[in-house]
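Undergrad: model this:
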Amino acid sequence: MDLRQVRKEYENRGLYEDDLASDPIDQFKIWYSEIEKVGYSEPNAMVLNTVDKNGSPSGRNVLLKEVREDGFVFFTNYESKKATDITTNEKVSLTFSWNELRRQVLVQGMAEKIPENESDEYWAMRPYESKIGSLVSNQSSMISTREELDTAFEIQELKWRGIEVPRPNHWGGYKVLPNLIEFWQGRQNRLHDRISYESTIEGWVFTRLSP
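TA: Reported below is the predicted structural model:
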């Protein structure tokens with residue numbers, strides 16, 4: 001498989017300073033709204049990158065569940081590898097790739113647990129089967145067979161049928177508080193637009209970067 005000749009010419013849609021919001025969270029919301037309108041599948045999917053105690057990076061897809069004035073919220077198992085990494089090193093990055101509009105957003109910042117009552121609130125909104133799945137899955141741990149997982153699900157599904165499933169202590173949310181957010185817009189001739197917002201004492205400051 002030779003990928004050296006695989007190329008895609010990008011459109012001439014630009015990203016100009018005069019059109020940018022002063023706050024990158026607001027700019028993110030604008031882009032997110034636009035990508036929703038073009039029918040992108042799971043626009044809230046993002047790659048969460050963490051670093052473990054040995055300095056080895058890991059990336060995986062997670063779902064953005066809330067955009068707040070001060071950060072980005074996702075939920076997971078607190079005993080998973082990603083959570084263990086965050087306990088060791090709270091510095092993380094998020095990457096959103098929206099190819100339909102030739103766009104990418106990079107977020108760098110610090111991850112912290114959200115309050116338990118906020119995790120409870122989101123847990124209550126989840127589908128019943130998803131709650132059971134979270135009870136059954138010891139995320140990132142080894143299992144012998146798929147049947148073992150399916151059997152555990154069936155047992156728990158029967159146990160809790162018709163009863164409110166409580167949120168387990170090992171499951172909840174994180175908020176990523178950004179210190180850098182970069183917006184990338186594909187352009188022709190590989191002369192892409194890159195605008196980087198950095199958090200300073202005076203507030204957010206954006207600069208244009210060479211592609």
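Undergrad: in stretch 34-53, what counts as buried?
TA: The neighbour-count check on stretch 34-53 (16 or more other CB atoms under 10 Å) flags 35, 40, 43-44, 46, 48-51 as buried. Quick note: C-beta positions are derived from backbone N, CA and C, even for glycine.
Undergrad: Same question for stretch 69-79.
TA: Here stretch 69-79 shows 71-79 as buried, counting by 16+ other CB under 10 Å.
Undergrad: what does stretch 160-170 give?
TA: Going by 16+ other CB under 10 Å, stretch 160-170 has these buried residues: 165, 167.
Undergrad: Show me the contact partners of it.
TA: With contacts defined as CB atoms under 8 Å, 6 or more residues apart in numbering, stretch 160-170 is touched by 77-79, 119-120, 123, 128, 131-132, 134-135.
Undergrad: Filter those down to the ones in helices?
TA: 119-120, 123, 128, 131-132, 134-135 (DSSP state H).
Undergrad: Save the residues you listed as JSON lines, and put in distance to W98 too.
TA: Shown next, in JSON lines, are the ones in helices among the contacts of stretch 160-170 (distance: CB to CB, whole Å):
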{"residue": "S119", "distance to W98": "28"}
{"residue": "D120", "distance to W98": "31"}
{"residue": "W123", "distance to W98": "28"}
{"residue": "Y128", "distance to W98": "31"}
{"residue": "K131", "distance to W98": "30"}
{"residue": "I132", "distance to W98": "32"}
{"residue": "S134", "distance to W98": "28"}
{"residue": "L135", "distance to W98": "33"}
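Undergrad: ok, of the residues you listed, which come out buried?
TA: Here, 16+ other CB under 10 Å leaves 119, 123, 131-132, 134-135 buried among those.
Undergrad: and the two most separated of those residues?
TA: S119 and I132 (17.1 Å; CB to CB).
Undergrad: ok, now which ones touch the spatially most central residue of the chain?
TA: In the chain, the centroid-proximal residue (CA atoms, centre = their mean) is M46; its distance is 3.8 Å. Taking CB under 8 Å, 6+ apart, we find M46 in contact with 61-64, 72, 74, 94-96.
Undergrad: Now the element after the helix or strand of the chain with the lowest mean pLDDT, going C-ward?
TA: Lowest mean confidence among the helices and strands of the chain (mean pLDDT, DSSP states H and E): helix 146-160, at a mean of 86. Downstream of helix 146-160, the next assigned helix or strand under DSSP states H and E is strand 171-185.
Undergrad: what is the orientation angle of that following strand with helix 128-136?
TA: Per axes from the mean of the first three to the mean of the last three CA atoms, to 10 degrees, the angle that strand 171-185 makes with helix 128-136 is 110 degrees.
Undergrad: Including distance to S210 and pLDDT, could the buried ones among the ones in helices among the contacts of stretch 160-170 go into TSV?
TA: Supplementary listing: these in TSV, determined by distance: CB to CB, whole Å; pLDDT from 0 to 100:
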residue	distance to S210	pLDDT
S119	41	97
W123	45	96
K131	48	91
I132	50	90
S134	44	89
L135	49	86
